[in-house]
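[1] I need the structure of the sequence given here:
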Amino acid sequence: MEPETAERLLLSSLETPEHLIVLGRKYQLNSTNFPYYTDVAQFLWEYITEYGKAPNTELLLGEFPHFDVAPRQDFDHVAKVYADIHLTSQANTYFYTAQNLLSETPREAIPFLISRLQNLVHIEDQHQTVLDSRSTSERLEDYRSRRNGIGATNVFKTGVEPIDNFPVMLRRGQFVAILADTKVGKSWLALRIAAENYMAGRIVTIVSPELSLEELEMRSDVMMGRLMGYDLSYSALEIGQAGKQEETYEAFLKEWSGSNRKDWNVLNSLGTGSSVSVQDCATIARQTKADVLVVDGMPQLARPRDEKGWEGMEINARALKDIAIQQNCLVLTTQQLNREGAKDKGVPQAEHVAYSYGFNRELDLLLALGWDDISTVVRKIGVPFRRTGAPVTETFSISFDADRGDIGNQFVTEPTTFALDDFD
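    Now for the predicted structure:
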């Protein structure tokens, strides 16, 4: 099949966001990989991402009257055909460039060709492995590295003692949510998890569609100050309190800025003229090379148009999971309760997530946060949904003094159990 024909057939067969995910995840193809119909590809990517479906033929021809729309083909087949053609084209380009270099600088041409072909092989193989061909020593090393838990580069702690000690380990490629009612403190818990991993040397990116940039900065200062040994108060930062607090704050700022790391990135939507979208999250995660991406306020993310609330939520959840895989990072978001869950002041159950249970289908792990009768600076936390690993049937009481950033130390109380029906 001619490259132009394969490109036209594939573009004509795109229908859903899942098709775009397959092209990116399986074949490393995006809208820039269609040289004959670049504008058409860009339009289709943007339209399908925004509306959750492909435009009809009339709309597509209205935008591109010279594009010869083909009857829809079997997507899986035509995607594989085009991926093979694209891969061959890339290889031929490298061969052609190397051939020209050979006549001038052969010592540069050969390493050039080897490195480019190796990159192609790496792209093809980075999402697969043949387990029975890997050496025993290599797999045993992987096993032993997991024994060290957080020491592994793909494992993340939460900073919450009972969760880390269980242990519940978060990993790259996972999509994790914090479920809680309004004002319980899910945004603060997300920051606590982010700060824990920043202190472990990770790059953190926080996107908040609902908080102002000033609020994000002050909350970040309190949380990071606590972990760095500075006793800061959010309420004091709000009013610019003079005296001892100001001296402590100045010392903290000097130490933090003096690290020259530039690994704590915050973004909000105020002043942009539009709501933050999943595409915005993907872009900033890629630009900042985030190890941990926090999306604070899942319900506030822009949804594809013409989609019902629950359908748009599922599409966005699926896209965030894709970001976790594509960017090889941990994606952490915060989610509201539904009306039924809001009636109960305890730790929410998995079915209490707002906008239907479908959101949970994209999750790897759900942390649930609720009020605790012990004190106003104590919360109960649990794990009502965990895709893999032993069920966590208990809930735990933890310190939760958000004003001082003291979050995550365990209080010993009588355990509460989840119903086993809550687990998949």
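[2] So what does the residue lying farthest from the centre of the chain look like in phi/psi?
    The centre of the chain is farthest from one residue, Ser103, which by C-alpha atoms, centre = their mean lies 46.9 Å away. Phi and psi for Ser103, reported as degrees, to the nearest 10, are phi -70, psi -20.
[3] ok, now Ile325?
    The phi/psi pair for Ile325 (degrees, to the nearest 10) is phi -80, psi -50.
[4] Now for it, how many residues are close by?
    For Ile325, the neighbour count with other C-beta atoms under 10 Å is 17. Using the backbone N, CA and C atoms, a C-beta is placed for each residue, glycine as well.
[5] Would it be right to say that Pro384 lies in a strand?
    Yes: counting by DSSP: H, G, I helix; E, B strand; the rest coil, Pro384 is part of a strand.
[6] what ranges do the helices span in the stretch 201-350 of the chain?
    Ranges of helices in the stretch 201-350 of the chain, per DSSP state H, counting those that start in this stretch, are 213-227, 234-239, 244-258, 278-288, 309-326, 339-342.
[7] Output these as JSON lines; include the columns mean pLDDT.
    Formatted as JSON lines, the helices of the stretch 201-350 of the chain follow (pLDDT from 0 to 100):
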{"stretch": "helix 213-227", "mean pLDDT": "94"}
{"stretch": "helix 234-239", "mean pLDDT": "94"}
{"stretch": "helix 244-258", "mean pLDDT": "93"}
{"stretch": "helix 278-288", "mean pLDDT": "84"}
{"stretch": "helix 309-326", "mean pLDDT": "84"}
{"stretch": "helix 339-342", "mean pLDDT": "69"}
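[8] okay if I get the ones you listed as TSV plus distance to Pro299?
    Shown next, in TSV, are the helices of the stretch 201-350 of the chain (distance: least, C-beta to C-beta, whole Å):
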stretch	distance to Pro299
helix 213-227	18
helix 234-239	24
helix 244-258	31
helix 278-288	13
helix 309-326	8
helix 339-342	13
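[9] Tell me which of the ones you listed approaches Val207 most closely.
    helix 278-288 (5.4 Å; C-beta to C-beta).
[10] now the angle from that closest one to helix 309-326?
    Inter-element angle recorded for helix 278-288 and helix 309-326: 20 degrees (by axes from the mean of the first three to the mean of the last three C-alpha atoms, to 10 degrees).
[11] Pull out the buried residues from helix 278-288.
    278, 280-282, 284-285, 288 (16 or more other C-beta atoms under 10 Å).
[12] out of the helices of the stretch 201-350 of the chain, which comes closest to Leu29?
    The closest of those to Leu29 is helix 309-326. By C-beta to C-beta, the value is 12.1 Å.
[13] So what's the residue count around the nearest residue to Ala302 once chain neighbours are set aside?
    Nearest residue to Ala302, sequence neighbours excluded (C-beta to C-beta, 6 or more residues apart in numbering): Ser275, at 3.8 Å. Residues near Ser275, counting by other C-beta under 10 Å, number 12.
[14] Same check on Met228?
    That count, for Met228 with other C-beta under 10 Å as the rule, works out to 15.
[15] hang on, Leu87 is in a helix, isn't it?
    Yes: counting by three-state DSSP, Leu87 is found in a helix.
[16] from the buried residues of helix 278-288, which is closest to Lys80?
    Ranked by distance to Lys80 (C-beta to C-beta), those are led by Ala282 at 24.7 Å.
[17] list the contacts for the closest one?
    319, 323, 326-327 (C-beta atoms under 8 Å, 6 or more residues apart in numbering).
[18] Please apply the same query to Glu247.
    Counting by C-beta under 8 Å, 6+ apart, Glu247 makes contact with nothing.
[19] how close does it get to Phe166?
    Look at Glu247 and Phe166: by C-beta to C-beta, to the nearest Å, they are 39 Å apart.
[20] just Val207 next, same as before
    If you measure Val207 against Phe166 using C-beta to C-beta, the figure is 28 Å.
[21] higher neighbour count, the two?
    Val207 (24 against 15).
[22] And the pLDDT for the spatially most central residue of the chain?
    Taking C-alpha atoms, centre = their mean, the centroid of the chain lies closest to Val331, which sits 2.8 Å from it. We have a pLDDT of 97 for Val331.
[23] try His122
    47.
[24] List the contacts of the host helix or strand of Ile163.
    Element membership for Ile163, per DSSP states H and E: helix 161-165. Helix 161-165 has contacts (C-beta under 8 Å, 6+ apart) with 150, 157-158, 367, 381, 383, 396, 398, 408-410.
[25] Any idea which of those the model trusts least?
    Out of the contacts of helix 161-165, that is Ile150, at 45.
[26] Now that Gln326 has come up, it's in contact with Gly24, right?
    Yes: the pair Gln326 and Gly24 qualifies as a contact (C-beta atoms under 8 Å) at a distance of 6.2 Å.
[27] coming back round to it: the helix holding Ile163: which residues count as buried?
    Buried, per 16+ other C-beta under 10 Å, within helix 161-165: 162-164.
[28] and that helix, C-alpha only, in PDB?
    Extracted in PDB, the C-alpha atoms of helix 161-165 (Å, rounded to 0.1, in the frame of the first residue of the first chain):
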ATOM      1  CA  GLU A 161       2.500   6.400  58.000                       C
ATOM      2  CA  PRO A 162      -0.200   3.700  58.100                       C
ATOM      3  CA  ILE A 163      -0.500   3.600  54.300                       C
ATOM      4  CA  ASP A 164       3.300   3.400  53.700                       C
ATOM      5  CA  ASN A 165       3.700   0.900  56.400                       C
END
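[29] C-terminal to that helix, what's the next element?
    By DSSP H and E, the next helix or strand past helix 161-165 is strand 170-171.
[30] List the contacts of that next one.
    154-158, 176, 193, 330, 332, 365.
[31] rerun at 10 Å
    For strand 170-171, the external contacting residues (C-beta atoms under 10 Å, 6 or more residues apart in numbering) are 150, 152, 154-158, 163-164, 176, 193, 197, 292, 324, 330, 332, 364-365, 367, 388.
[32] So, low pLDDT: which residues of the stretch 101-250 of the chain?
    108, 112, 115-116, 118-135, 138, 142-153 (pLDDT under 70).
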